[in-house]
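Asker: Following is a predicted model, sequence given first.
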Amino acid sequence: MLTAFRVISVIPHHFNAYLDAYAREGWAIEREALGDCAGSYIVEIGSLQRVIQMWRHTDVADRTDRRARLAAHPDWRAFRAAVAGMIRSESDRLFQPAPFMPVKNVGEAADFVEMRTYQAHTGVLDAFFKLYAAEGLPVQLNHLGNCLGYFRSLDGRVDEVVHLWGYASLDDRIKRRTALFADPQFKQFLVKGVPHFARQENMILRPAPFWRG
């Protein structure tokens, strides 16, 4: 199973109009053509005026075929022509699940999602995954609970990791992460785990109004 992360950056004063048009004219067409949408989010904290979508595919051929059918759909072509002037940029990248995915979650509602992106140093990601699966993930699941996905890049930047965690509220996130960083086991893991990465960043997302996974 592969996941395509599609990021649509919208010209700021067109953002609400784009969301309305997509919900009304684009969403149903794209969902029918592409199938399994694992998430459709709006950036709440981070680089704003962006929609981030996660589309799951069985393999590269499945993705290629589905996107070709979408591009050929006359109503989708009309929608894209209508909103072309609202879009600043788009990107589309493929990721595969980390070897320990899927994981058993607490399964609470996620009104806020934290998307964390880490760039690993060259050649160390496989070793990190083994360490994380043994010493980091169990502690995080105990405190954070709702892991929505943990992925590694297949194209674009090599050895990049993206993981997403769901929270009921921002206060819930603060409470859970405070408990996590107070845990002695997690502190021990951080000493071993953090040096694997050259860069770490995060964003806070909210589910788009037309999608509630």
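Answerer: Here it is on my side, so go on. Numbers count the residues shown, from 1 in each chain.
Asker: Could you list the low-pLDDT ranges of the chain?
Answerer: For the chain, applying pLDDT under 70 flags the ranges 106-109, 213.
Asker: change it to 80
Answerer: 105-109, 212-213 (pLDDT under 80).
Asker: show me where this protein has strands.
Answerer: 2-10, 36-45, 50-57, 87-97, 112-120, 147-153, 160-167, 197-207 (DSSP state E).
Asker: do you know which of these lies nearest Thr178?
Answerer: strand 160-167 (12.5 Å; Cβ to Cβ). The way it works is simple: take the backbone N, C-alpha and C, and place the C-beta from them, glycine included.
Asker: for that closest one, packing partners?
Answerer: Contacts defined by 3 or more Cβ pairs under 8 Å, 6 or more residues apart in numbering; DSSP states H and E place strand 160-167 against strand 112-120, strand 147-153, helix 170-182.
Asker: try it again with 7 Å
Answerer: Packed against strand 160-167 by the contact rule (3 or more Cβ pairs under 7 Å, 6 or more residues apart in numbering; DSSP states H and E) you find strand 112-120, strand 147-153.
Asker: List the neighbours of that strand that are in contact with it.
Answerer: Contacts to strand 160-167, defined as Cβ atoms under 7 Å, 6 or more residues apart in numbering, come from residues 5, 95, 108, 110, 112-120, 144, 146-153, 173, 176.
Asker: From those, list the buried ones, please.
Answerer: Buried by 16 or more other Cβ atoms under 10 Å: 5, 95, 110, 112-115, 117-120, 144, 146-153, 173, 176, out of these.
Asker: Would you format the helices and strands packed on strand 160-167 as CSV with distance to Gly46 included?
Answerer: As requested, the helices and strands packed on strand 160-167 are exported to CSV (distance: least, Cβ to Cβ, whole Å):
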stretch, distance to Gly46
strand 112-120, 8
strand 147-153, 16
